[in-house]
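Asker: I need the structure of the sequence given here:
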Amino acid sequence: MGNFMRLVLYQPDIPQNTGTLLRTAACLGVPVDIIEPCGFVLDDRRLRRAGMDYLDGVELTRHTSWGAFDEVRGAKRLVLLTVRASVHHTDFAFRPDDWLMAGSESAGVPDDVHDAADARIKVPMAEGVRSFNVAIAAAMVLSEALRQTNGFPAGGV
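Answerer: Model (predicted):
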């Protein structure tokens, strides 16, 4: 686990969102960590449909639990995307080796995981709405983090 940005998914519930984020990560050259258990089987056909043939191009590490993940993470800065944060992602100073975490669609992350994060950020949104789709929010934050750190891949369309 090198010194580069990573996307972390905490116990994802919806295979289509996970597939979308795996595809996004493959396109951006960002490794992904999935903390299990997931709310679906990771080789689910719906995951494959959303991720298409990009899934083979993503560096994916699976962790059996929060504890197993936390041991591997070590001292890397964990930045949690949460509606409970007060800092907007556009006001946050990202580092090239940050690990960006999105919680599960149904429950986010438990308090102990929330408390273990080194930083908590949110995407600003209009009054009266509850939250973004997790795949959209994570992609927005990942994009800003890569922009700030000059971490986008050199290639492109």
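Asker: how about the helices of this protein, start to end?
Answerer: Using DSSP state H, the helices of the chain run over residues 15-28, 45-51, 66-73, 111-116, 134-148.
Asker: pull out the buried positions in the fourth one.
Answerer: For helix 111-116, a neighbour-count test (16 or more other Cβ atoms under 10 Å) marks 113-114 as buried. Quick note: C-beta positions are derived from backbone N, CA and C, even for glycine.
Asker: how distant is it from the center of its chain?
Answerer: Helix 111-116 sits 16 Å away from the centroid of its parent chain (Cα atoms, centre = their mean, to the nearest Å).
Asker: how about the longest one?
Answerer: Taking Cα atoms, centre = their mean, one finds the center of helix 134-148 at 9 Å from the center of the full chain.
Asker: and that helix, what other elements does it pack with?
Answerer: Packing partners of helix 134-148 (3 or more Cβ pairs under 8 Å, 6 or more residues apart in numbering; DSSP states H and E): strand 6-10, helix 15-28, strand 78-81, strand 99-102.
Asker: what's the least confident stretch among those?
Answerer: Among the helices and strands packed on helix 134-148, helix 15-28 carries the lowest mean pLDDT, a mean of 91.
Asker: by mean pLDDT, flag the weakest helix or strand of the chain.
Answerer: Within the chain, no helix or strand scores below helix 45-51, which has a mean of 61 by mean pLDDT, DSSP states H and E.
Asker: next, format the helices of the chain as JSON lines and append distance to residue 34.
Answerer: Below are the helices of the chain laid out as JSON lines (distance: least, Cβ to Cβ, whole Å):
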{"stretch": "helix 15-28", "distance to residue 34": "7"}
{"stretch": "helix 45-51", "distance to residue 34": "11"}
{"stretch": "helix 66-73", "distance to residue 34": "9"}
{"stretch": "helix 111-116", "distance to residue 34": "14"}
{"stretch": "helix 134-148", "distance to residue 34": "13"}
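Asker: counting neighbours, what do you get for residue 128?
Answerer: 5 (other Cβ atoms under 10 Å).
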